[in-house]
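# here's a sequence, model it:
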Amino acid sequence: MLNTTKTLITLSFGSLLSLSAQAADYPISVTDVAGRTVTFDHQPEHIALSSARVFPLLEIIYQQDAAKHLVAARDDMRMSAPSMYANYLKQYPKLDKVPVIGKIKSGEFDAERFINMKPKPELFIVDISNIKLAKEKGLLEKLEQAGIKTLAIDFREAPIKNTVKSVEVVAKAVNREQQGTAFANYYNQHLASLQAALAQHPESKNKRVFIERAAGYEESCCRTFATGNMGAYIPYLNATNIAIEPLKGANTGQMSPETVIASQPDVYIMQTTGWINKDGQPMHGIPLGYSPNHQAIKQATKRLMDRNWLKALTAYQNNDVYSIYMPFYNSPYNLVAMEYFAKWLHPEVFASLDPESTFEEMNLKFGARTVSGTFGQSNAEVLAK
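Purely as a prediction, here's the structure:
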């Protein structure tokens, strides 16, 4: 946990960011992570999110006023990150009243209803994976004609390249550039520290790694990531992702348990969380996150670790199987997941690294909020308790 002095300093910093006056002369133009130049003729106040799970972006920019600016969002945080939703709902009770919009990719997004909302969205923040599709469907042009600007963000496809830019671009567009700069400085300093530590230990083993995407979401295995998403962390941290060759250039795909066994990764990472189904019932993922139920975590961990084929892995036998809180994959706080990966891939180099303290500090520094929970774990250590 953070000490009292650090807490006071961080809260003061957050308050200064929140209250400091910032001036911007509109119109202004910004270029988003999709390479689109968007011009704003006034400061947008009403914001919609194509994914509610990126609500932390608004909190980084607006601190405790974040929910006041949210006028519409997809209902994916409640379903796919229930502990996150419950945690934010305590601080922002009105989140459960925010109008729900459909998913662009599935064709559920109702453009006419969106345009006619009250208050009307002035800025629509869209994940980069949906921008091309929205353009092809004529959605971007239709929203532009209605006076609604769109900006692409990306915390998932190329997170190391695009996370900082995503935050900075949105912050500039809404006249909160100082907040974007503060986040960029923090994020980049932490990345530089990771790289500096690795550079000082060239002898550290280049481990072979496998990421199981959404462990426990379905019965089958093994969906995974190659170059994108959390797969991007692996080469950045001087390790090898065993999915690169089998997936043949694709960001994500499926490998069989037999292929994983044949590859024998040194480290096996389960990307997981406590999903709920449409009836509100828990699924078989490990319910990492805010306000964790440790008994439920242990039971879910055992269920996933008891899969027969997993026991054939060297990583299993050497107690190098870990779990990471999946919602980090689409969050400006993905830095925390990267730090967990660093500890698991290079324990001798990053013995003193504390990802949970980083998460606490980021929330306090940028969102003026206190959080705690379990966001990464050694599966063997959990089962041994």
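# got the domain ranges for the protein?
Using automatic domain parsing, the domain parsing of the chain gives 22-187, 203-384.
# return the distance of stretch 237-249 from the chain's centre.
Taking Cα atoms, centre = their mean, to the nearest Å, the mean C-alpha location of stretch 237-249 is offset from the chain mean by 21 Å.
# buried stuff in it?
Across stretch 237-249, burial judged by 16 or more other Cβ atoms under 10 Å covers Leu237, Asn238, Ala239, Thr240, Asn241, Ile242, Ala243, Ile244, Pro246, Leu247. The C-beta positions use only the backbone N, C-alpha and C, and glycine is treated the same way.
# just stretch 256-266 next, same as before
If you call a residue buried by 16+ other Cβ under 10 Å, then stretch 256-266 has these buried ones: Pro257, Val260, Ser263, Pro265, Asp266.
# show me these that map onto helices.
Judged by DSSP state H, helices contain the following of these: Pro257, Val260, Ser263.
# skipping adjacent residues, who's closest to the last one in space?
With sequence-adjacent residues excluded and distances taken as Cβ to Cβ, 6 or more residues apart in numbering, Ser263 is closest to Ile242, at 4.3 Å.
# I figured the one you found hits Val260, correct?
Yes. Between Ile242 and Val260 there is a contact under Cβ atoms under 8 Å: 7.4 Å.
# returning to that earlier point: give me the subset of the buried residues of stretch 237-249 lying in helices.
Per DSSP H, the buried residues of stretch 237-249 map to helices at Ile244, Pro246, Leu247.
# now the second one, nearest residue through space, not along the chain?
Nearest in space to Pro246, with sequence neighbours left out and distances taken as Cβ to Cβ, 6+ apart, is Met255 at 5.5 Å.
# list the contacts for the one you found?
Met255 sits next to Phe210, Cys222, Arg223, Thr224, Ala243, Pro246, Leu247 when contact means Cβ atoms under 8 Å, 6 or more residues apart in numbering.
# got the contact list for the second one?
Right, the one you point to is Cys222. Per Cβ under 8 Å, 6+ apart, neighbours of Cys222: Phe210, Glu212, Arg213, Gln254, Met255, Ser256, Pro257, Val260.
# continuing past the helix-or-strand element of the chain with minimal mean pLDDT, what's the next helix or strand?
One helix or strand of the chain scores below all others by mean pLDDT, DSSP states H and E: helix 4-19, with a mean of 44. Next in sequence after helix 4-19, counting helices and strands by DSSP states H and E, comes strand 28-31.
# tell me the mean pLDDT for that next one?
Strand 28-31 shows a mean pLDDT of 97 in the predicted model.
# tally of neighbours for the residue lying closest to Arg303 once chain neighbours are set aside?
The shortest distance from Arg303 to any non-neighbouring residue, by Cβ to Cβ, 6+ apart, is to His284 (6.2 Å). Other residues near His284 come to 16 when the count uses other Cβ atoms under 10 Å.
# wait, doesn't His284 sit right on Thr301?
No. Assessed by Cβ under 8 Å, His284 is found out of contact with Thr301, at 10.8 Å.
# and Met338, how far from Ser193?
11 Å (Cβ to Cβ, to the nearest Å).
# quick one on the thing from earlier: return the member of the contacts of Cys222 nearest to Asp127.
Arg213 (16.7 Å; Cβ to Cβ).
# these two touch, right, that closest one and Gln271?
Yes. The criterion here is Cβ under 8 Å, and Arg213 meets it with Gln271 at 5.5 Å.
# show me what the strand or helix carrying Glu361 is packed up against.
Assigned by DSSP H and E, Glu361 belongs to helix 355-367. On a contact count with 3 or more Cβ pairs under 8 Å, 6 or more residues apart in numbering; DSSP states H and E, helix 355-367 meets helix 4-19, helix 55-62, helix 177-199, helix 334-345.
# of those helices, which approaches Phe124 most closely?
Of those, nearest to Phe124 by Cβ to Cβ is helix 55-62, at 12.9 Å.
# all the strands of the stretch 101-250 of the chain, residue numbers only.
123-127, 149-153, 208-212, 223-225, 240-241 (DSSP state E, counting those that start in this stretch).
# tabulate the ones you listed in CSV, adding columns for distance to Ile28 and mean pLDDT.
Converted to CSV, the strands of the stretch 101-250 of the chain look like this (distance: least, Cβ to Cβ, whole Å; pLDDT from 0 to 100):
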stretch, distance to Ile28, mean pLDDT
strand 123-127, 13, 97
strand 149-153, 11, 98
strand 208-212, 39, 97
strand 223-225, 35, 95
strand 240-241, 39, 96
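# for Thr181, which of those is the nearest?
strand 149-153 (16.8 Å).
# show residues contacting that closest one.
By Cβ under 8 Å, 6+ apart, the residues outside strand 149-153 that reach it are 30, 32-34, 36, 38, 40, 44, 54, 57, 122-128, 131, 134, 140, 143-144, 162, 166, 169-170, 173.
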